[in-house]
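Visitor: This is a predicted model, with the sequence first.
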Amino acid sequence: MSHETMKLRPKIALYEPDIPQNTGAIIRICSCLGADLEIIEPCGFLFNDKRLKRVVMDYMDKKMIKFYQDYKEFFKSKKNQRVILMTTKASVSYATFNFKINDTILFGRESAGVPKKIHVLINNKLKIPMVDNKRSLNIASSVAIILAENLRQNKFFNNV
């Protein structure tokens, strides 16, 4: 990976995550695939939670994680950047979307997604198509699918 590629990295953002094991798995995914992680607080757990630490193992790099006090701070920092919301309420499939390497891809709470006030702030809303009568994938699985597609489209690993 070149130095220039390291500057442009996809960002995964979690809106008020509430399950420590899922957040731990997402930290590990981001660490292994070269993405930054952004967390919009409040979280439903503390970062010294044993359940989080058990999943994260030694993959936690605090430099790759940025915390925002709330969604207002998050969106203020993104005013000149593209934010993409992953939601089961979208009509557009991720497979037809053109990702950019420095996109911020936002995922909602495991228990409730994101509220309407967040939906109205975002133009790009995508879904992962699923078979009928299924509600949603685990958030960590969804992050892995979408992050891998972003990296594939942007040829992130071609020189590795």
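Guide: On my side now, so go ahead. Numbering: from 1, shown residues only.

Visitor: Please look at residue 67 and residue 37 and confirm they touch.
Guide: No. Applying Cβ atoms under 8 Å, one finds residue 67 not in contact with residue 37, separated by 9.6 Å. Where C-beta positions appear, they are placed from N, C-alpha and C, glycine not excepted.

Visitor: Between those two, which is the more surrounded one?
Guide: residue 37 (20 against 14; other Cβ atoms under 10 Å).

Visitor: who's in contact with the more buried one?
Guide: The contact partners of residue 37, by Cβ atoms under 8 Å, 6 or more residues apart in numbering, come to 11-14, 26-27, 30, 64-66.

Visitor: Throw those residues into JSON lines and include secondary structure, pLDDT and neighbour count, thanks.
Guide: Shown next, in JSON lines, are those (DSSP: H, G, I helix; E, B strand; the rest coil; pLDDT from 0 to 100; neighbours: other Cβ atoms under 10 Å):
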{"residue": "11", "secondary structure": "strand", "pLDDT": "96", "neighbour count": "21"}
{"residue": "12", "secondary structure": "strand", "pLDDT": "97", "neighbour count": "26"}
{"residue": "13", "secondary structure": "strand", "pLDDT": "98", "neighbour count": "23"}
{"residue": "14", "secondary structure": "strand", "pLDDT": "97", "neighbour count": "24"}
{"residue": "26", "secondary structure": "helix", "pLDDT": "92", "neighbour count": "25"}
{"residue": "27", "secondary structure": "helix", "pLDDT": "89", "neighbour count": "25"}
{"residue": "30", "secondary structure": "helix", "pLDDT": "93", "neighbour count": "24"}
{"residue": "64", "secondary structure": "helix", "pLDDT": "79", "neighbour count": "17"}
{"residue": "65", "secondary structure": "strand", "pLDDT": "87", "neighbour count": "17"}
{"residue": "66", "secondary structure": "strand", "pLDDT": "93", "neighbour count": "15"}
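
Visitor: Residue 77: how many residues sit nearby?
Guide: 13.

Visitor: what do you get for residue 94?
Guide: Residue 94: 19 neighbours (other Cβ under 10 Å).

Visitor: That one against residue 125, yeah?
Guide: No. Using Cβ under 8 Å, residue 94 is not in contact with residue 125; the gap is 10.3 Å.

Visitor: Name the residues contacting each of these two.
Guide: With Cβ under 8 Å, 6+ apart as the test, residue 94 and residue 125 both reach residue 86.
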